[in-house]
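Novice: Turn this into a structure:
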Amino acid sequence: MYLRYIILVSLLCLSLLCSSSNTYVEQPSELSHHSDSHIVSVQSLLPSTVCNRSPPVSGKATTLEVVNKYGSCSQLTQGKSSTPSLSQILLQDQYRVELIHSRRRNQSIKTQEDFTIPSISGNTVGTGGNYFIKVGLGTPTQSVSLIIDTGSGITWTQCKPCPKNGCAKQVDPIFDPSKSKSYKSISCSSSLCSQINGGNCSSEKACPVSYSYVDGSSLSGSYATEKLVVDSADNQLQFTKPNFIMVCAHNFTGDDEGVVGIMGLDRNGLSVISQTSSLFKNYFSYCLPAFFGSSTGYITFGKTNSFTNKVINFTPLTTDSETYDVEITGLSLGGHILPIDSQVFKKAGGTIDSGTVISHLPPAAYAALKLAFRKKMSKYKMVKPSGFLDTCYDFSKYDTVTIPKMSIFFKGGVELKMDVTGIVIPFKEDLTEVCLAFSPNPTEDDGALIGNIQQQGMEVHYDVAGKRIGFGPRAC
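Specialist: Residues are numbered from 1 along each chain as shown. From the prediction side, this is the model:
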């Protein structure tokens with residue numbers, strides 16, 4: 001009997017050892033039932049009224065503040081009687097999603113110290129975006145705020161002179177090229193202009209550019225080279241890129257609150273990542289603060305010393321397109337893998353995007369998530385949504401609620417565990433309408449988009465040279 005017990009124990013240990021060595025599992029068949037839900041105070045789902053800045057990042061890089069535009073740390077909304085509602089923000093988000101879907105159908109200046117600069121959560125500009133950073137342009141340096149956008153390639157800012165109807169309103173002084181010794185307009189007849197705008201020149205002296213967006217906004221301006229300067233918070237580290245190719249927008253129509261400009265972070269040849277590749281080896285990471293929260297976040301170019309002490313799980317990029325496309329292998333809710341056909345995500349593909357707010361899934365995947373979520377939440381009263389999200393609840397009579405935990409799985413066995421604030425989102429301050437923070441795509445052919453609500457609070461690493469994206473620990 002004792003011998004039989006030893007044999008059974010040995011076999012069990014061997015079985016566990018074998019299973020634990022299988023590190024890269026495409027998709028687990030079942031998750032543990034232990035701690036499969038978030039039990040949270042309903043008040044914690046609402047933004048804090050007290051600014052609580054995050055501590056600096058460790059390592060050589062230092063951190064500048066990242067502030068949510070509508071949060072308690074924001075100076076952008078001071079003196080304003082109201083801010084856009086969540087419904088209005090998500091409507092703008094839909095414009096961006098439509099643009100990304102319509103576009104679906106790699107460059108690169110070595111080493112300076114790695115450093116971190118601030119990103120501030122703001123409103124949508126043109127095609128969307130919710131977080132911005134402050135950088136310097138010109139000689140002497142003029143400070144400008146730019147939306148960080150992994151879905152855009154070009155960097156642009158509003159420039160003087162303004163058109164007759166005036167420049168769009170912005171927090172910072174408008175960049176004035178005439179006051180910069182390093183500003184150089186790119187000639188329309190130059191070979192560089194032919195390369196970057198396809199030879200689309202008229203009799204204009206400057207290399208022209210114009211964009212029209214699905215939300216009705218537009219910009220026109222010209223290409224130029226300028227000195228890009230970024231200082232770390234303690235002013236001990238500085239990144240300077242002379243002859244940085246950018247766009248000076250002389251006529252912008254669209255969002256005129258807060259930030260008017262974009263820093264392009266996609267894999268386009270004109271993106272910041274490409275133009276600074278010899279400095280930062282095509283690597284950057286960020287931690288986005290809660291969308292309506294009161295904490296700060298950061299964006300880091302290059303690798304820092306602290307990265308070696310962190311567990312960062314990478315999934316490969318699946319295309320050579322300008323966007324950051326990945327392979328999603330499944331979803332889990334409340335400790336259970338959802339019954340979604342493996343071809344659903346393979347057919348549609350997926351993209352990690354900093355500018356999209358909520359995540360958008362193929363209809364079949366969303367249907368499975370919605371069904372499972374409603375079953376888990378059956379004890380709570382459903383309410384008719386005021387926006388386009390379709391699974392909403394009244395939490396106003398509760399002190400605490402139980403929300404099932406949720407994860408997104410990627411190729412290589414990588415698991416993105418979401419915070420509760422990435423699963424549900426309150427539409428009303430009285431908590432009478434709290435909704436599942438996901439939406440279905442119009443068709444099964446439209447790729448999944450993993451938005452910033454689901455990314456918030458954790459480090460997301462873009463190893464462009466290594467053609468992979470990684471998820472690190474919660475950090476802001």
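Novice: Who are the contact partners of Lys376?
Specialist: Ser37, Leu333, Gly334, Pro404 (C-beta atoms under 8 Å, 6 or more residues apart in numbering). Using the backbone N, CA and C atoms, a C-beta is placed for each residue, glycine as well.
Novice: try it again with 10 Å
Specialist: Asp36, Ser37, Leu333, Gly334, His336, Thr402, Ile403, Pro404, Lys405, Met406 (C-beta atoms under 10 Å, 6 or more residues apart in numbering).
Novice: Please, where are all the strands along the stretch 201-350 of the chain?
Specialist: Taking DSSP state E, counting those that start in this stretch, the strands of the stretch 201-350 of the chain run over residues 208-212, 218-231, 238-253, 261-264, 283-287, 297-301, 313-316, 325-326, 328-333, 336-337, 350-352.
Novice: which helices and strands sit right next to the last one?
Specialist: It refers to strand 350-352. Judged by 3 or more C-beta pairs under 10 Å, 6 or more residues apart in numbering; DSSP states H and E, strand 350-352 is in contact with strand 325-326, strand 328-333, strand 359-361, strand 406-410, strand 448-450, helix 452-455.
Novice: same thing but at 6 Å, please
Specialist: Packing partners of strand 350-352 (3 or more C-beta pairs under 6 Å, 6 or more residues apart in numbering; DSSP states H and E): strand 448-450.
Novice: Run through who's touching the strand it packs on.
Specialist: Outside of strand 448-450, the residues within contact range by C-beta atoms under 6 Å, 6 or more residues apart in numbering are Ile328, Ala348, Gly350, Thr351, Ile352, Asp353, Thr356, Ser359, His360, Leu361.
Novice: Quick check: pLDDT value at Thr421.
Specialist: Looking at Thr421, its pLDDT is 90.
Novice: re earlier: filter the contacts of Lys376 down to the buried ones.
Specialist: Asp36, Ser37, Leu333, Gly334, His336, Ile403, Pro404, Lys405, Met406 (16 or more other C-beta atoms under 10 Å).
Novice: Closest to Val272 out of those residues?
Specialist: Distances from Val272 to these, taken as C-beta to C-beta, are shortest for Met406 (32.2 Å).
Novice: Bridged to that closest one, which residues?
Specialist: Leu333 (DSSP bridges).
Novice: residues contacting it?
Specialist: Contacts of Met406 by C-beta under 6 Å, 6+ apart are Leu333, Met418, Ile423.
Novice: of the contacts of Lys376, closest to Ala206?
Specialist: Of those, the one sitting nearest to Ala206 (C-beta to C-beta) turns out to be Met406, at 49.6 Å.
Novice: And the helices in the stretch 301-450 of the chain?
Specialist: With helices called from DSSP state H, counting those that start in this stretch, the stretch 301-450 of the chain shows them at 342-348, 363-376.
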